[in-house]
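A.B. asks: For reference, the sequence and a predicted model appear below.
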Amino acid sequence: MDNNKLHFLSKIADILTKELDSSELVRELKTVVSEYISIKDLNIYVFDPNSSTLRNYAENWGIIDESLNSEEKESAYNAYETIHGNDFVINGKAYKLPQTISEISFKIDSLYMPVVKGGMCFGVIETIFEENTSIDMGFLFLMKIFGSQISLKLQNIVLNEQSQINVEFHDAMKNIAKIIETQYELNYIVPLIGEMLDRFISDHLIYVFLKQDGEFKLIWPKACNDERIFEVLNRLDPSYGFILTNDDKIGAFPLLTDGEITGCIVARSMIEKLSKRDIDYLEQLTRQSAVTINRANNYSKILQYATLDALTSLNNRRQFETRLKQEVAAAKRQQKPLCGMMIDIDFFKRVNDTYGHAAGDEVLKQTAAAIKELLRESDIPSRYGGEEFAILLPFTHLDEAKVVGERLRKAVESTPVTIGEDDAHKKNINVTISMGIAEFNPEETGEELFERADKALYQAKESGRNRVVTV
């Protein structure tokens, strides 16, 4: 083998050992091949058995049906179908290399080489040449080595990506199962499940419905405008599991409790069909979600007569509502002041998304600890739901309540929260809170008092967060 060919293979080997993204890798391969022979383009297409399509490796595995014109697409698919058992497809015809190199040379327009794993072709490398380009047999032998090098690289890439998907799948299953350890309110749990599914099944939109009074109610996200989804929901039957629309772009996976449908997870795509792999993952994730939701329902029933929130040890929502009625009645009877305070942890969702839900739970616990430490014995702090807290301040006027609120806001802001399960992964993060405060008016109800406090909280968040607003 002459020095030019050795230099060419050496450059290819150097490229394949680099940590490059897909587009950079193909671009560098194309540059090196262009130095050796005149080409117009070089692409790598990998066959996806789930969608029965060729995907362009350099374009983030995009389906070539959507990016190539009909002639280019036909050439690529024909090459993939005819190259099995052959070494190349040259100018549209399958070709097998002879045992020895001859002196034959010929003009070439296009060259396809197989991407092989275990003797099976799972894609093609496409090279399009400049007009009037000629090659000889030595070049074909060189390109066969080139194709083998790329095949090995792609095998590792595909294996690593599949391994990463499997890891993310098991993480999603584990995280959904763990929610019940610290949360049991469905209006908090279901959005968490929806977000986890949405991150894992990122190619499709995810919707989570619960059945209430015989009707499917959308719980996550906030809106669904595709009427076909509601048509699919009405066709669900617990006896035959999930159903797909005729175009396989919408799948409805029922949440079951004792054989009864209690909700549904829906996946929708505007582009690709749901693949067999997507369906398998969604079936398993839906089953895990159903178990978690059912356990949350049962746990909620057990705790409905309890008074403390399991995570923060503050009063729970039910106990807060009981105490609110008592304190409003006392304020009216004694003609004493009463203030209501609503608190929300700023950017709490970002904490969950960045560090995980265990970190979010730690933020909730440490914020609750700060609240308890700074309040009087007579004050009544409660976990209102999710990342919101409600506080009753008996015998307190609005200006006094604002002082308490500012003291609490500064304490949270100046105290980093430590997250992480062990010393190697521990990290301090800064957290802030927004707050709305209202003073009770004897002409209103307790619910109206906290509606005003909640509006003040909304103003605090809209005006920049990490602040106290009074009304």
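C.D. replies: Yes, it's here.
A.B. asks: Tell me where the stretch 251-400 of the chain has helices.
C.D. replies: 276-303, 317-334, 348-355, 357-374, 398-413 (DSSP state H, counting those that start in this stretch).
A.B. asks: what's the closest of these to Ile261?
C.D. replies: Taking C-beta to C-beta, helix 276-303 is the member of these nearest to Ile261, at 9.8 Å. Quick note: C-beta positions are derived from backbone N, CA and C, even for glycine.
A.B. asks: Domain-wise, how is the chain divided?
C.D. replies: 3-156, 183-303, 317-470 (automatic domain parsing).
A.B. asks: what does the model give Asp109 for pLDDT?
C.D. replies: Note for Asp109: predicted pLDDT of 95.
A.B. asks: tally of neighbours for the spatially closest residue to it that is not a sequence neighbour?
C.D. replies: Distances taken as C-beta to C-beta, 6 or more residues apart in numbering put Asn91 closest to Asp109, at 5.3 Å, once the chain neighbours are dropped. Asn91 is flanked by 14 other residues according to other C-beta atoms under 10 Å.
A.B. asks: Next: Thr418.
C.D. replies: 12.
A.B. asks: part of a strand, is Lys217?
C.D. replies: Yes. Checked against DSSP: H, G, I helix; E, B strand; the rest coil, Lys217 lies within a strand.
A.B. asks: about what we covered before: is it possible to export the helices of the stretch 251-400 of the chain to TSV including distance to Ile128, mean neighbour count and mean pLDDT?
C.D. replies: Formatted as TSV, these follow (distance: least, C-beta to C-beta, whole Å; neighbours: other C-beta atoms under 10 Å; pLDDT from 0 to 100):
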stretch	distance to Ile128	mean neighbour count	mean pLDDT
helix 276-303	32	17	84
helix 317-334	65	16	92
helix 348-355	43	16	89
helix 357-374	49	19	91
helix 398-413	60	17	95
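A.B. asks: could I get those helices as a markdown table with distance to Ser151?
C.D. replies: Supplementary listing: the helices of the stretch 251-400 of the chain in a markdown table, determined by distance: least, C-beta to C-beta, whole Å:
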| stretch | distance to Ser151 |
| --- | --- |
| helix 276-303 | 22 |
| helix 317-334 | 59 |
| helix 348-355 | 37 |
| helix 357-374 | 41 |
| helix 398-413 | 56 |
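A.B. asks: Could I get the average pLDDT for the lengthiest helix in the chain?
C.D. replies: Counting residues, the longest helix in the chain under DSSP state H turns out to be helix 137-178. The average pLDDT within helix 137-178 is 81.
A.B. asks: returning to that earlier point: so which of the helices of the stretch 251-400 of the chain gets nearest Asn441?
C.D. replies: helix 317-334 (10.0 Å).
A.B. asks: got the angle between that closest one and helix 276-303?
C.D. replies: 40 degrees (axes from the mean of the first three to the mean of the last three C-alpha atoms, to 10 degrees).
A.B. asks: other SSEs contacting helix 317-334?
C.D. replies: strand 338-345, strand 380-385, strand 388-394, helix 446-462 (3 or more C-beta pairs under 8 Å, 6 or more residues apart in numbering; DSSP states H and E).
A.B. asks: Could you list the residues in contact with the last one?
C.D. replies: When contacts are taken as C-beta atoms under 8 Å, 6 or more residues apart in numbering, the neighbours of helix 446-462 outside the stretch itself are 324-325, 327-328, 338, 340-344, 346, 390, 434-438, 440-441, 467-471.
A.B. asks: among the residues you listed, which ones are buried?
C.D. replies: Using 16 or more other C-beta atoms under 10 Å as the burial test, those include 324, 327-328, 338, 340-344, 346, 390, 434-438, 440, 467-470 as buried.
A.B. asks: Now do the contacts for the residue located most distally from the centre of the chain.
C.D. replies: Centroid-distance maximum for the chain: Glu103 at 56.3 Å, with C-alpha atoms, centre = their mean. Neighbouring residues of Glu103 by C-beta under 8 Å, 6+ apart: Asp136, Met137.
A.B. asks: Who are the contact partners of Pro221?
C.D. replies: Contacts of Pro221 (C-beta under 8 Å, 6+ apart): Gly194, Tyr207.
A.B. asks: quick one: the residue nearest to Leu324 when sequence neighbours are not counted from Ala359, how far?
C.D. replies: Closest residue to Leu324 apart from its sequence neighbours, by C-beta to C-beta, 6+ apart: Gly446 at 4.2 Å. Using C-beta to C-beta, to the nearest Å, one obtains 34 Å as the distance from Gly446 to Ala359.
A.B. asks: pLDDT below threshold where in the protein?
C.D. replies: Filtered on pLDDT under 70, the chain yields the residue ranges 1-2, 50-51, 101, 159-166, 180-184, 303-305, 421-424.
A.B. asks: Relative to Cys121, how far out is the residue most central in space within the chain?
C.D. replies: When the chain is reduced to its mean C-alpha position, the closest residue under C-alpha atoms, centre = their mean turns out to be Arg199, at 0.9 Å. Going from Arg199 to Cys121 by C-beta to C-beta gives 33 Å.
A.B. asks: same deal with Asp361?
C.D. replies: The value you get for Asp361 to Cys121, if C-beta to C-beta is used, is 49 Å.
A.B. asks: Please apply the same query to Ile229.
C.D. replies: 39 Å.
A.B. asks: Pick out whichever of the two has more residues nearby.
C.D. replies: More crowded of Ile229 and Cys121, by other C-beta under 10 Å: Ile229, with 22 against 18.
A.B. asks: tell me the contacts of that one?
C.D. replies: By C-beta under 8 Å, 6+ apart, the neighbours of Ile229 are Tyr207, Ile250, Ala252, Val266, Arg268.
A.B. asks: How many residues are close by the second one?
C.D. replies: Close neighbours of Ile250, defined as other C-beta under 10 Å, add up to 23.
A.B. asks: And stretch 341-360, end to end?
C.D. replies: 22 Å (C-alpha to C-alpha, to the nearest Å).
A.B. asks: for stretch 243-263, same thing?
C.D. replies: 14 Å.
A.B. asks: Kindly report the same for stretch 112-126.
C.D. replies: 5 Å.
A.B. asks: and that stretch, how far out from the chain's middle?
C.D. replies: Its chain's C-alpha centre and that of stretch 112-126 lie 32 Å apart, by C-alpha atoms, centre = their mean, to the nearest Å.
A.B. asks: can you tell me which of the contacts of Ile229 lies nearest to Val412?
C.D. replies: Among the contacts of Ile229, and counting by C-beta to C-beta, the member closest to Val412 is Tyr207, at 34.8 Å.
A.B. asks: and the end-to-end length of stretch 87-99?
C.D. replies: 12 Å.
A.B. asks: Can you list the buried residues in that stretch?
C.D. replies: So, applying 16+ other C-beta under 10 Å, buried residues of stretch 87-99: Asp87, Phe88, Val89, Ile90, Ala94, Tyr95.
A.B. asks: now do stretch 247-263
C.D. replies: Lys249, Ile250, Gly251, Ala252, Phe253, Pro254, Leu255, Leu256, Thr257, Ile261, Thr262, Gly263.
A.B. asks: For it, which outside residues touch it?
C.D. replies: 208-211, 216, 219, 226, 228-229, 232-233, 235-236, 238, 241-245, 264-270, 272-274, 278-279, 282-283, 286, 289-290, 293-294, 297.
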